[in-house]
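> Need the 3D shape of this:
(2 chains)
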Amino acid sequence: MDILSNLELGFSIALSPYTLMLAFIGCFVGTIIGALPGLGPSNGVALLIPISFSMGFDAISALVLLTSVYYGAMYGGRISSILLNIPGDEPAMMTTLDGYPMAKQGLAGEALVISGVASFVGAFLATVGLILMAPWLANVAYKFGPAEYFALYFLAFCTLGGMGSKNQTKSAIAACMGLGIAMVGVDELTNMQRYTFDNMHLFDGVDFLVAIVGLFAVSEVFMFIESHGKNSAIGVKLGRLFIPWKLLNQTKGAMLRGTGIGFLAGILPGAGASLGSFLAYVGEKAVSKDKDSFGKGNPRGVAAPEAGNNAAAGGALIPMLTLGVPGSGTTAVLLALLLTLNITPGPLLFTDRPDVVWSLIASLLIANVMLLVMNVPMVKVFVKILMVPSWVLLPGVTMIAFVGIFSLTGSSFDMLLMVAFGVLGYVCRKLDIPTVPIILGILLGNAMENKMRQAMVLSDGDWTFYFSSPISISFWIAGILGFVAPIFLRQYLKKPPQPTIDED
Amino acid sequence: MRGDRIFGLVMIVVALGYLLGATAIRTSFMSDPVGPRVFPYLVGCVTLLCAVMMVLRPDPEVEWPIGRTLLNLGVALVVLIAYAFMIKPLGFILPTIIVSGILSYQIDPKPKRAALTGLGLGVGLFVLFKFVLGLGLKGLPPALMG
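Next up, the predicted model:
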């Protein structure tokens, strides 16, 4: 089997002591990041990219480290959901609905174990799904020409915008801001400057890392300063931990259903983990007989969304790796990581750099096992760390953001730009303008324009070329549907009542 | 209401400026059929359309910070901007102590604890970045170190 020999290659790299150590550190740091309220997978990974890049890791090491952080954050989010009723990150929001009531009934330990195992089931099966599906999708993506890619990028913006905000106009304007910022710099095809205002710092364009750290991390500082005092958390004591086999057996159906739903939601471009956990919870509630007990501490209400959000995290890697189109805020950040490391995701990645792809996949499997071990018996360690007060945490996060950008670029201009993006992020979050499309626009803007122009070179300026293949036509239609349909579906799928903490 | 309208108006101005900027992009003789202007034109037009939509059909108004909170946010912004300028000439430790102390005070106004937080973060983060992670940071003002 092809897959087995590929996995063998992956494990031969991933099982070296050094890589294992990186995966361990990544999982540990990631769980902390996920557990801390206000830090989630997207801003956590965003903060760590510049630092790990300045430390001079090679591509595989950096990838292993940061994807472990990503998976770890997905696990960690549930800890504060259950104990503090504050979701550590947005995907963990649904876990608060039944997790916190369970904790109040003195079942905090049980809830943590169930959600930990559910996270493992979801993430593990999704990684297996990734192994099976990604090479197949990469083969399909081989046939894509520039016109198909242009339509695909359009589709990604549409679905992300359609699901990401309550107001379609605001997602569209966010995407435009991102695309507009991406145009800054020297045009690759003609070598002409665009929007640089003769400022030397802008010749290479706006560094997407500066934008990401500003929009995700610095804006969080402003949000915290505004809301100080209001975020009083009522903690719940954690008693003795033991493994509730009976409850695990009762919830295994919920975990599997949650995994299935979450995985599918993850693959869709633009949906991501938040939608995955939401649909998994709603789905589980719909099929169960005791609907009334949901929201009052039903263990299945903990298992399903937790499996769903971790499965979606794995599923979201599929379009990111095979097509270069991220499905969520966090995968957009991971795409930024790949681009920083000079790795262009897409179908060619699977043939040109199999070592990268398969060692990444192997280390995801390893990271999952590590995280299960860390998150079930060792969960008390993380509970202690969770007690870090926000008046230490927030200044710390800000300083880390500055150090990351400073050691990456060494210029005051980029740090100022980061602060400016922080202000923009704050205003956008106040106005309910999603920030993820801005990031996606900055990341994909140049590629999107290049595909558009290449397509016209191929067709000699014939505009119908964009609609000339069944694949591209279906992308255009799916894009328009994905953008318009949520307007009508919104009546049926109400957003959950909890306040959001992290944009995803 | 008002927030969306103001943002929409600002974006209308930005979009018009962006479109004007696009007309000034020079093309070279060896350009492709599309050229470097078309995509910015597209982006500018869609932005303009969305911005007009935001002005005409705004969402319900959100709660904006007023009074002290707004002042706090302003102070935080000024401090962060100052930090961006200070970190190079003054080294890492001193600006970090000051800035993280101020931010800590803003989140929870207890002067003594904020000062200790600043001190701890300034020294602690420097040790972490410099000696554990091995980043090339200058701890003290480079001018003093010669």
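
> which residues does residue A:216 contact?
Counting by Cβ atoms under 8 Å, 6 or more residues apart in numbering or on different chains, residue A:216 touches A:42, A:43, A:46, A:329, A:333, A:425, A:435, A:439, A:503. Where C-beta positions appear, they are placed from N, C-alpha and C, glycine not excepted.

> Can you tell me the SS state at it?
Here residue A:216 is helix, with the state taken from DSSP: H, G, I helix; E, B strand; the rest coil.

> check which helix or strand covers residue 70.
Using chain A here. Assigned by DSSP states H and E, residue A:70 belongs to helix A:59-84.

> meant chain B, my bad for not saying
Going by DSSP H and E, residue B:70 is in helix B:67-90.

> ditto for residue A:319
Taking DSSP H and E as the criterion, residue A:319 maps to helix A:317-323.

> Downstream of that helix, the next helix or strand is which one?
Following helix A:317-323 toward the C-terminus (DSSP H and E): helix A:329-340.

> Residue A:303: neighbour count?
By other Cβ atoms under 10 Å in any protein chain shown, 35 other residues sit near residue A:303.

> can you pull the contacts of it?
Applying Cβ under 8 Å, 6+ apart to residue A:303 gives the contacts A:114, A:115, A:117, A:118, A:251, A:254, A:255, A:258, A:284.

> 6 Å instead?
Residue A:303 makes contact with A:114, A:118, A:251, A:254, A:255, according to Cβ atoms under 6 Å, 6 or more residues apart in numbering or on different chains.

> sorry, back to before: let me know the closest of the contacts of residue A:216 to chain B.
Top of the list for closeness to chain B, among the contacts of residue A:216 and by Cβ to the nearest Cβ, is residue A:425 at 12.6 Å.

> Now that closest one. Nearest residue, chain neighbours left out?
Ranked by Cβ to Cβ, 6 or more residues apart in numbering or on different chains and with sequence neighbours excluded, the top spatial neighbour of residue A:425 is residue A:219, at 3.0 Å.

> what's stretch A:155-162 in contact with?
Identification of contacts with stretch A:155-162 by Cβ under 6 Å, 6+ apart yields A:171-172, A:175, A:269-270, A:325, A:437, A:475, A:478-479, A:482-483, A:486.

> from the chain's centre, how far out does the helix holding residue A:319 sit?
On the basis of Cα atoms, centre = their mean, to the nearest Å, helix A:317-323 sits 12 Å off its chain's mean C-alpha point.

> pLDDT below threshold where in chain B?
Low-confidence segments of chain B (pLDDT under 70): B:1, B:28-31, B:143-146.

> Which residue ranges of the chain form strands?
You didn't pick a chain, so chain A it is. Here chain A has its strands, by DSSP state E, at A:185-186, A:193-194.

> how near is residue A:480 to residue A:243?
49 Å (Cβ to Cβ, to the nearest Å).

> Relative to chain B, which of the strands of chain A is closest?
Comparison of those against chain B by Cβ to the nearest Cβ identifies strand A:193-194 as nearest, at 5.2 Å.

> Does anything pack onto the closest one? Which helices or strands?
Applying 3 or more Cβ pairs under 6 Å, 6 or more residues apart in numbering or on different chains; DSSP states H and E, one finds that strand A:193-194 makes contact with no other helix or strand.

> I am finished for the moment; much appreciated.
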